[in-house]
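In: Turn this into a model:
(one chain, ligands or ions: 1)
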Amino acid sequence: MSHPAANTSSFMTDFLRQAGGVAILDGGLATELERHGADLNDPLWSAKCLLTSPHLVRAVHLDYLEAGADIIITASYQATIQGFEAKGFSRGDSEALLRKSVEIACEARDIYHGRCREGSPDGNNDGRVLKHRSILVAASVGSYGAYLADGSEYSGNYGDAITLETLKDFHRRRVQILAESGADLIAFETIPNRVEAQAYAELLEEEDIKIPAWFSFNSKDGINVVSGDSLLECASVVQSCKNAVAVGINCTPPRFIHGLILSIKKVTTKPILIYPNSGESYDGDRKEWVQNTGISDQDFVSYVNKWCEIGAALVGGCCRTTPHTIRAIYETLSNRSAASLSSQ
Ligand SMILES: [Zn+2]
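Out: Down below sits the predicted model:
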């Protein structure tokens with residue numbers, strides 16, 4: 001789907017219908033790259049791999065597609081022109097690196113479709129999901145706090161010097177480039193506060209951005225977004241944005257998701273997306289995840305049907321979830337649609 005429907009309002013609903021009601025997102029990208037040995041201790045985080053190991057990024061996208069993901073999210077979360085320039089890249093090279101994140105994901109999609117054509121029609125493909133279907137490439141945009149690389153995407157506290165206008169100017173060029181890169185939509189991820197959501201919404205409008213976007217917030221108390229801003233107000237900003245095709249929550253512990261979906265539902269008619277982290281805690285001082293503080297893939301999956309019952313329409317995983325998590329989501333959703341068909 002390199003040319004999404006011009007009509008934004010039906011873009012996601014049409015896609016969801018094709019996907020059988022619920023679409024599957026991929027899982028953590030940066031943490032999965034790390035699991036494969038990448039060292040992401042760098043202000044660019046996963047975007048460092050655009051420079052050092054694009055083949056690994058492509059392989060991880062492919063793993064997620066073969067686990068059943070319908071949407072893959074590019075490695076541009078912490079890729080910014082400002083961040084690349086700080087490393088000595090020219091403006092032109094920095095812009096090319098942003099485009100490269102989308103090219104890599106599109107290549108993974110092409111390879112995947114090739115494998116689907118070659119795959120066995122009886123579905124027996126060494127445990128891989130090789131089912132020809134529409135796949136979307138979502139161009140990730142991380143927050144200003146992610147660029148700062150000081151954990152402030154988990155506090156949302158940018159200080160008084162950062163205003164709506166500063167945020168729009170910070171994001172402007174990157175959003176323009178990603179919108180013209182061949183991606184199907186933009187994924188504004190891990191949004192920590194209301195002003196940044198407002199900045200994104202205004203940018204889409206001012207720059208006449210031609211592809212749709214989803215807006216995903218994070219929460220650390222299950223009630224508000226991480227800055228303390230009201231989730232209802234944040235989701236209302238998205239509800240009034242005509243380019244927004246979904247609103248939801250990512251990188252938040254699974255135990256909070258149920259309540260957050262119920263809140264979002266109060267203020268939106270747009271599809272709700274949910275991609276929690278593994279529930280493990282992150283030690284910001286040591287810059288590492290605390291092992292065994294999260295939940296198993298099976299426990300994660302036991303929540304998924306509930307989330308869909310109360311309205312989630314796109315489900316996947318964020319940090320520390322893996323292709324196994326996505327495969328488990330795929331299985332449970334396949335069983336669910338089989339059960340609902342047989343009860344009709
Ligand atoms: Zn995450």
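In: Write out the residues of the stretch 51-200 of the chain neighbouring the ion.
Out: Near the ion, no residue belonging to the stretch 51-200 of the chain is found when assessed by C-beta under 5 Å from the ion. The way it works is simple: take the backbone N, C-alpha and C, and place the C-beta from them, glycine included.
In: the strands in the stretch 51-200 of the chain, which residues?
Out: For the stretch 51-200 of the chain, the strands defined by DSSP state E, counting those that start in this stretch occupy 71-73, 136-141, 185-191.
In: for the protein, longest helix please?
Out: Criterion DSSP state H: the longest helix present in the chain is helix 91-118.
In: That one relative to strand 136-141, how many degrees between them?
Out: 150 degrees (axes from the mean of the first three to the mean of the last three C-alpha atoms, to 10 degrees).
In: Would you mark the buried spots in helix 91-118?
Out: 94-95, 97-109, 112, 115-116 (16 or more other C-beta atoms under 10 Å).
In: What is that helix packed up against?
Out: With contacts taken as 3 or more C-beta pairs under 8 Å, 6 or more residues apart in numbering; DSSP states H and E, helix 91-118 sits against helix 48-52, helix 54-66, strand 71-73, helix 81-86, strand 136-141, helix 164-179.
In: could I get those as JSON lines with mean neighbour count?
Out: Converted to JSON lines, the helices and strands packed on helix 91-118 look like this (neighbours: other C-beta atoms under 10 Å):
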{"stretch": "helix 48-52", "mean neighbour count": "20"}
{"stretch": "helix 54-66", "mean neighbour count": "22"}
{"stretch": "strand 71-73", "mean neighbour count": "27"}
{"stretch": "helix 81-86", "mean neighbour count": "17"}
{"stretch": "strand 136-141", "mean neighbour count": "27"}
{"stretch": "helix 164-179", "mean neighbour count": "18"}
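In: Adding mean pLDDT as columns, could you present those in CSV?
Out: Shown next, in CSV, are those (pLDDT from 0 to 100):
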stretch, mean pLDDT
helix 48-52, 96
helix 54-66, 98
strand 71-73, 98
helix 81-86, 97
strand 136-141, 98
helix 164-179, 98
